[in-house]
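Participant: Quick one: sequence and predicted model below, then my questions.
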Amino acid sequence: METLNLFIKSIFVDNMVFAFFFGMCSYIAVSKKVKTANGLGLAVIFVLTATVPINFLINKYILAPGALTWISDSFAGVDLSFLSYILFIAVIAAFVQLVEMVVEKFAPALYNQLGIFLPLIAVNCAIMGASLFMQQNNYPNAGVATVYGLGSGIGWWLAIVIMAAIREKVTYSNVPKALKGPGIAFIITGLLGMSFMIFSGIQL
C-alpha cells in the first residue's frame with residue numbers, strides 16, 4: 001500500500017514540473033505538438049525508471065557513508081557521497097545515449113522532431129532531481145526506488161502531454177501578440193501548477 005501511495009504521490013502531488021518546476025527547458029520547448037511531446041515524455045519515463053534504481057544501488061553500495069563495508073570493515077569510515085553528482089550524471093548520460101540510438105534507429109521522424117532536446121535529457125534537471133530526491137528520501141530498496149522513478153517519469157510525461165494538447169488548441173485562439181509563444185506557455189504552466197495543487201490535499 002505504501003508503494004502504491006508513493007507511485008500516486010510522485011505523479012500528482014510531487015509532480016516534477018508542477019510541484020518543483022524541474023525540466024522546464026524541454027517542457028516549454030517541446031510541448032508544441034502532442035506527438036512530439038508524447039515521444040519525449042516516453043523517453044523520460046524510460047530514463048527515469050532505469051536510472052533511479054541504478055543510482056539507488058550505487059548510492060547504497062558505493063557512495064553512502066559506510067557503504068563499502070561489504071568489501072571490508074576497514075572501509076566503514078569511508079564517505080564517497082561527494083561523488084554523487086558525477087556518478088549519477090554518468091549513469092543518466094549512458095541511458096540517454098541508449099535512448100537516442102534507439103529512437104534514431106526505429107523512429108527517425110521523431111528523432112528529427114525532438115532535435116537537440118533528446119540528448120539534452122542527460123542534463124534535464126527532472127532526471128537528476130529524481131535521483132537526488134531518491135538519495136534524500138532514503139528509500140528501503142531498489143524496488144521502491146524503481147516505483148518512484150516510474151511515477152516521476154509518468155508525472156513529467158503527463159505534464160508535457162497536457163501542455164502540448166492545450167497549446168495545440170491555443171494555436172487557433174486569438175492570443176495577444178505580446179503573449180504568443182513562451183508567454184502564453186508560462187501562463188498555462190502556472191494555471192496547471194495551481195490545478196495540480198489540488199492533489200496535495202489528498203490523504204495518501
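Facilitator: In hand now; what should we look at? Predicted, not measured: the structure shown is a model, and the values here were computed from it.

Participant: can you count the residues close to residue 9?
Facilitator: Using other C-beta atoms under 10 Å, the number of residues around residue 9 comes to 19. For every residue, glycine as well, the C-beta is placed using N, CA and C.

Participant: Now do the buried residues in the helix or strand of the chain with the lowest mean pLDDT.
Facilitator: The weakest-scoring helix or strand in the chain, judged by mean pLDDT, DSSP states H and E, is helix 108-114 (a mean of 83). Residues 110, 111, 113, 114 are the ones in helix 108-114 that count as buried (16 or more other C-beta atoms under 10 Å).

Participant: Am I right that residue 39 is in contact with residue 106?
Facilitator: No - with contact defined as C-beta atoms under 8 Å, residue 39 does not reach residue 106; the gap is 11.2 Å.

Participant: Among these two, which residue is more densely surrounded?
Facilitator: residue 39 (21 against 9).

Participant: so what's the more buried one scoring on pLDDT?
Facilitator: What the model reports as pLDDT for residue 39 is 89.

Participant: What's the separation between it and residue 193?
Facilitator: 23 Å (C-beta to C-beta, to the nearest Å).

Participant: Show me where this structure dips below the pLDDT cut-off.
Facilitator: The chain contains residues with pLDDT under 70 at 202-204.

Participant: excluding its backbone neighbours, what's nearest residue 165?
Facilitator: Nearest residue to residue 165 in three dimensions, chain neighbours excluded: residue 34, at 5.5 Å (C-beta to C-beta, 6 or more residues apart in numbering).

Participant: Summarise which helices and strands the lengthiest helix in the chain is packed against.
Facilitator: Criterion DSSP state H: the longest helix present in the chain is helix 142-170. Packing partners of helix 142-170 (3 or more C-beta pairs under 8 Å, 6 or more residues apart in numbering; DSSP states H and E): helix 2-8, helix 24-30, helix 34-58, helix 125-137, helix 182-196.

Participant: Can you tell me which of these is nearest to residue 71?
Facilitator: helix 34-58 (14.5 Å; C-beta to C-beta).

Participant: Just after the closest one, pick out the following helix or strand.
Facilitator: Next along the chain after helix 34-58, taking DSSP states H and E as the criterion, comes helix 84-106.

Participant: Check which residues of that following helix are buried.
Facilitator: 84, 87, 88, 89, 91, 92, 93, 95, 96, 99, 100, 103.

Participant: Could you measure from the residue lying farthest from the centre of the chain over to residue 66?
Facilitator: Distance from the centre of the chain peaks at residue 74, with 37.2 Å (C-alpha atoms, centre = their mean). From residue 74 over to residue 66 the distance is 11 Å, taken as C-beta to C-beta.
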